[in-house]
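Engineer: Just a sequence and a predicted model for now, questions to come.
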Amino acid sequence: MSSILRRCTKLTHSGILSMLPGSNGRSCALQYFASEKRYSTSSKIKVDLDSNTGVAIMQFQSPPVNSLSLDFLTEFAINIEKLELDRSCRGVIITSALPKVFSAGLDILEMYQKSPEHYVEFWKAVQEAWFKLYGSSKVTIAAINGNSPAGGCLLAMCCDYRIMAENPRYSIGLNETQLGIVAPFWFKDTMQNVVGHRETEKGLQLGKLYTAPEALKVGLVDELVPEEKVVSSAAEAMSKWLAIPDHARQLSKSMMRKPTIDRLLAAREADITNFVSFTSKDSIQKSLGMYMEMLKKRRS
Ligand SMILES: CC/C=C\C/C=C\C/C=C\C=C\CC(=O)SCCNC(=O)CCNC(=O)[C@H](O)C(C)(C)COP(=O)(O)OP(=O)(O)OC[C@H]1O[C@@H](n2cnc3c(N)ncnc32)[C@H](O)[C@@H]1OP(=O)(O)O
C-alpha cells in the first residue's frame with residue numbers, strides 16, 4: 001500500500017497528474033487501482049482489485065445520486081460476497097465516482113406506491129447488503145467524498161474506518177425521521193456501536209444530518225481530509241489496518257459485531273413484516289410522496 005502512496009506522491013509532484021483531465025489526488029489513487037485487475041464491471045458499481053496489495057476499491061457509479069435501489073443493493077451484495085470469498089483480497093475501500101454524493105441512501109421510489117411483494121423483495125436486499133458488509137471479515141474503509149444521508153450513512157457506518165471530505169457542505173447521518181419514517185433497530189444498533197447511546201438517541205430523534213466537522217466531533221467519521229485526498233488517505237489508513245495479522249483482527253471484529261448481527265438474524269422475518277406493514281400505511285406513503293416533492297422543488 002505504501003508503494004501506492006509513493007507512486008501517487010511521485011506523480012503529483014512530477015506534475016504528470018496535473019496534465020491529466022480532471023486529475024487530482026483522488027483520481028491518482030483511482031487510476032493506480034484501475035491499472036490493476038478489473039474485478040467486476042457492473043452498471044452501478046465498479047470494483048478493481050490490486051493483486052499486489054490485496055486491496056479492492058469499490059466505486060459507486062449510479063447517477064444521479066447513487067441511491068440504493070433494488071438493483072444497486074443486489075449488485076453491491078454480490079460484489080462484497082465475491083471479495084469475501086477471494087483469499088487474495090484483504091481490504092476494501094468504498095467510495096463514489098460521482099461528484100458531491102457518496103450515496104443518497106435507500107431509493108425512495110422503491111418504497112413508494114409499490115406492491116407488498118416488491119417491498120418484501122426490496123427489504124430483503126437491504127438486509128442482505130447490511131449482513132454482507134457489516135459481517136465482512138475484510139478491512140473495510142469508507143472514503144466518503146460527498147453527502148451521505150440515511151442508507152448512505154448506514155453503509156459508511158458498517159465499515160471499520162471512515163474518512164470524509166472536509167467540505168462543510170457535505171453531511172452524513174440517519175435522517176429518517178425527517179422523512180416521517182423510522183430507522184429500523186439494526187440501523188440504530190449500527191449507529192450506537194459507532195457513536196454511543198446518547199449521540200444516537202439525539203441523532204435518530206432529530207434525524208440529524210451532521211456536517212463533516214460535526215461528524216468528526218461526535219466520532220461518526222474518524223478523519224477529515226481535503227476532498228482530493230479522500231481515497232489516498234483511505235489507502236494510507238488501509239496499510240495500517242493491514243499491518244495487523246488477519247486472523248487476530250478478524251476474530252476481534254467478529255467478537256465486536258456478532259451480537260448485533262445475531263439480533264437481526266433472529267428477527268429477520270419479523271423485520272420484513274414490520275417494514276412492509278409500516279411502508280404500506282397511507283400516512284407513510286403520504287410522507288414519502290411529500291418528501292419526493294420537496295426534493296424536486298428544492299431543485300427548481
Ligand atoms: C417501526 C419501524 C419498522 C420498520 C422500519 C420501517 C421503515 C424504515 C424505512 C426506511 C429507511 C430508509 C432509509 C433511507 O435511506 S431513506 C432515503 C433518505 N435519503 C435522503 O433523505 C436523501 C435525499 N436526497 C438528498 O438530500 C439529495 O438528493 C442529495 C443531498 C443526496 C444530493 O443533492 P443534489 O442536489 O446533488 O441532488 P438532487 O437534485 O437533490 O437529486 C437529484 C435527483 O435524485 C433524486 N433523489 C435524491 N435522493 C433520492 C433517493 N434517496 N431516492 C430516490 N431519488 C432520490 C431527486 O429527487 C432528484 O430527482 P429528479 O432529478 O428531480 O427527478
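Structural biologist: Okay, I see it.
Engineer: quick check, the longest helix anywhere in the chain touching the ligand?
Structural biologist: The longest helix of the chain (DSSP state H) is helix 246-280. Yes: Helix 246-280 is in contact with the ligand by Cβ under 6 Å from any ligand atom, via Asn274, Phe275, Phe278. To be clear about C-beta, it is placed using only N, CA and C from the backbone, and glycine gets the same treatment.
Engineer: List the buried residues for stretch 87-107?
Structural biologist: Judged by neighbour count (16 or more other Cβ atoms under 10 Å), stretch 87-107 contains these buried residues: 89-98, 101-107.
Engineer: Can you sort out which of the residues you listed also neighbour the ligand?
Structural biologist: Val101, Ala104, Gly105, Leu106, Asp107.
Engineer: quick one, phi psi at the last one?
Structural biologist: Going back to what we said before, that points to Asp107. Per-residue torsions, Asp107: phi -70, psi 110 (degrees, to the nearest 10).
Engineer: Show me which residues of the stretch 151-300 of the chain are close to the ligand?
Structural biologist: So the stretch 151-300 of the chain meets the ligand at 151, 175-176, 179, 181-182, 184, 274-275, 278, 292, 295-296, 299 (Cβ under 6 Å from any ligand atom).
Engineer: buried subset of these?
Structural biologist: Gly151, Asn175, Glu176, Leu179, Ile181, Pro184, Phe275.
Engineer: circling back to that earlier point, pick the one among the residues of helix 246-280 next to the ligand closest to Phe122.
Structural biologist: Lowest distance from Phe122 to the residues of helix 246-280 next to the ligand (Cβ to Cβ) belongs to Phe275, with 8.5 Å.
Engineer: so where does the residue nearest to that closest one when sequence neighbours are not counted fall, helix or strand?
Structural biologist: Distance criterion Cβ to Cβ, 6 or more residues apart in numbering; nearest residue to Phe275, sequence neighbours excluded, is Trp123 at 4.4 Å. Trp123 belongs to helix 116-134 when assigned by DSSP states H and E.
Engineer: quick one: contacts of stretch 192-210?
Structural biologist: Contacts of stretch 192-210 with the rest of the structure, by Cβ atoms under 8 Å, 6 or more residues apart in numbering, involve 149, 157, 171-179, 183, 188, 191, 218-220, 256-257, 260.
Engineer: Can I get it as PDB, trimmed to CA atoms?
Structural biologist: Provided in PDB are the C-alpha atoms of stretch 192-210 (Å, rounded to 0.1, in the frame of the first residue of the first chain):
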ATOM      1  CA  GLN A 192     -24.900   3.100  18.500                       C
ATOM      2  CA  ASN A 193     -21.900   0.900  18.000                       C
ATOM      3  CA  VAL A 194     -20.100   3.800  16.300                       C
ATOM      4  CA  VAL A 195     -21.100   6.900  18.300                       C
ATOM      5  CA  GLY A 196     -22.700   5.500  21.500                       C
ATOM      6  CA  HIS A 197     -26.100   5.600  23.100                       C
ATOM      7  CA  ARG A 198     -26.600   9.300  23.800                       C
ATOM      8  CA  GLU A 199     -25.500  10.600  20.500                       C
ATOM      9  CA  THR A 200     -27.600   8.000  18.700                       C
ATOM     10  CA  GLU A 201     -30.600   9.000  20.700                       C
ATOM     11  CA  LYS A 202     -30.300  12.600  19.700                       C
ATOM     12  CA  GLY A 203     -29.200  11.900  16.100                       C
ATOM     13  CA  LEU A 204     -32.100   9.500  15.500                       C
ATOM     14  CA  GLN A 205     -34.900  11.500  17.000                       C
ATOM     15  CA  LEU A 206     -33.800  14.700  15.300                       C
ATOM     16  CA  GLY A 207     -33.000  12.900  12.000                       C
ATOM     17  CA  LYS A 208     -29.800  14.900  12.300                       C
ATOM     18  CA  LEU A 209     -27.500  15.300   9.300                       C
ATOM     19  CA  TYR A 210     -24.100  16.100  10.700                       C
END
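Engineer: Secondary structure of Ala142: a strand, I assume?
Structural biologist: Yes: counting by DSSP: H, G, I helix; E, B strand; the rest coil, Ala142 is located in a strand.
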